[in-house]
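K.L.:
pasting the sequence and the predicted model now:
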Amino acid sequence: MLKKFLLAASAVLCCLFASVCVGLYLRSELSSNFFIQPTFRVIIMVLACVALYLAARLVGRSFFPERKKLFIQGALSFSFISYFVILVNFLFFESSFSRTHSLIFLHDGETVSAYLDDFLNLELFGMIMRYTNGYLNGIVSFERFFMNIIGNFILFMPFAFFLPILFKRQNNFFVFSLTVALISFAAEFIQVIFMTGTGDIDDLLLNTAGACLLFGILRTKAGQALVEFIKN
């Protein structure tokens, strides 16, 4: 009896902690008087998702064993939705990245041409080489190099974990890689259409490559064991 009480108390505490984290994240997003750096906001939401997942495991294993997978699936679905919301916010709305919004069709040809010259890159490896050489030569800071190269490489990696778990068809490498590439292309296209960022073929390459790399790692024996443990 005491063991079940402690498990129930732990699950409640995990849920409360997750609620506080989500509340902090939402307040930071919605209130101009309460700012949290983007990196810390991501950490806060990761902690919220982990706490909710632990609560789902505790409740499912101790009180509803026949529904354990359902609870875990719910927690993983919440985590995926949270990741997707953060991703959309980072790509299109994050104020720290000086996002502006102006429909490209509403501007004159000269303005559009100037914007495309500055913010559209269709040269494969052009951006990667520019930032890499700039960093090696001391022209580009490590922060800018990390955000543009490493950041884009890891940005879509969570898709490699969530999509195959939540959607059976995504266990096929071709289907998965095509899905991620289309999501990345859509993001780049929307950024150009609303003039809210850079449309860059290298971003698409890095996004897709990072997700596909983690997809392959999670298909190894150790990776599969980890995924099975998490979802069961």
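P.N.:
Sure thing, it's come through.
K.L.:
contacts and neighbour counts: CA atoms only from here.
P.N.:
Fine.
K.L.:
excluding chain neighbours, what is closest to Met127?
P.N.:
Asp202 (6.3 Å; C-alpha to C-alpha, 6 or more residues apart in numbering).
K.L.:
where does this structure have low pLDDT?
P.N.:
1, 98 (pLDDT under 70).
K.L.:
which parts of it are strands?
P.N.:
Using DSSP state E, the strands found in the chain span residues 120-121, 199-200.
K.L.:
strands paired with the last one, and their directions?
P.N.:
The strands beside strand 199-200 in its sheet (DSSP bridges) come out as strand 120-121 (parallel).
K.L.:
about what we covered before: deepest of the strands of the chain, which one?
P.N.:
For the strands of the chain, average neighbour numbers computed from mean count of other C-alpha atoms under 10 Å are highest in strand 199-200, which has a mean of 22.
K.L.:
so in this structure, which helix runs the longest?
P.N.:
Secondary structure of the chain per DSSP state H: the longest helix is helix 2-30.
K.L.:
before we move on, back to that, check contacts around the residue nearest to Met127.
P.N.:
Residues near Asp202 by C-alpha atoms under 8 Å, 6 or more residues apart in numbering: 121-128.
K.L.:
hang on, the earlier thing: now render the strands of the chain as CSV, adding distance to Asn133.
P.N.:
Converted to CSV, the strands of the chain look like this (distance: least, C-alpha to C-alpha, whole Å):
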stretch, distance to Asn133
strand 120-121, 17
strand 199-200, 18
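K.L.:
all helices in the protein, in order from the N-terminus.
P.N.:
2-30, 38-62, 68-88, 109-119, 126-136, 142-145, 151-155, 158-166, 173-193, 201-217, 221-231.
K.L.:
thinking again about what came up before, and the buried ones among the contacts of Asp202, selectable in PyMOL?
P.N.:
To isolate the buried ones among the contacts of Asp202 in PyMOL, judged by 16 or more other C-alpha atoms under 10 Å, type:
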select buried, resi 121+127+128
